[in-house]
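**Q** I'll drop the sequence and a predicted model, then ask my questions.
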Amino acid sequence: MKELLAPVVELVFYAVAAVGFTVAGFVAELTSLEYLNAGNTPFAVWLFVMGVVALYAGVIAFGVGEVLPRLRERSENV
């Protein structure tokens, strides 16, 4: 039973991390636009960069790099 549960827990963890980083990046991007409109340019640029990093982590590193290969592997084994 534990052999079957470990890959599922791992997949769920990576999927939740991917969604979390993607949402955090999106929120950071929107917030950076608000700070830019308010005239706080240095913080807006910093927040923009952090948003890009979070989006990269969520979409590319976790999503494409971890979640999709594991989903493909599970669908081939079914």
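**A** Structure received. Numbers count the residues shown, from 1 in each chain.
**Q** phi and psi next, for G58.
**A** phi -70, psi -50 (degrees, to the nearest 10).
**Q** following the longest helix along the chain, which helix or strand comes up?
**A** Ranked by residue count under DSSP state H, the longest helix found in the chain is helix 2-38. Toward the C-terminal end, the helix or strand that comes next after helix 2-38 (DSSP states H and E) is helix 41-55.
**Q** now the element after that next one, going C-ward?
**A** In N-to-C order, the element after helix 41-55 by DSSP H and E is helix 68-77.
**Q** G58 contacts V16, doesn't it?
**A** No - G58 lies out of contact with V16 (C-beta atoms under 8 Å); the separation is 10.6 Å. Heads up, the C-betas are built off the backbone N, CA and C, glycines and all.
**Q** and the longest helix of the chain, what other elements does it pack with?
**A** With contacts defined as 3 or more C-beta pairs under 8 Å, 6 or more residues apart in numbering; DSSP states H and E, the packing partners of helix 2-38 are helix 41-55, helix 68-77.
**Q** so which of G58 and V16 has more stuff around it?
**A** Between G58 and V16, G58 has the larger neighbour count (other C-beta atoms under 10 Å), namely 21 against 12.
**Q** for that one, list the residues it contacts.
**A** A17, A18, V19, G20, F21, T22, V23, A24, G25 (C-beta atoms under 8 Å, 6 or more residues apart in numbering).
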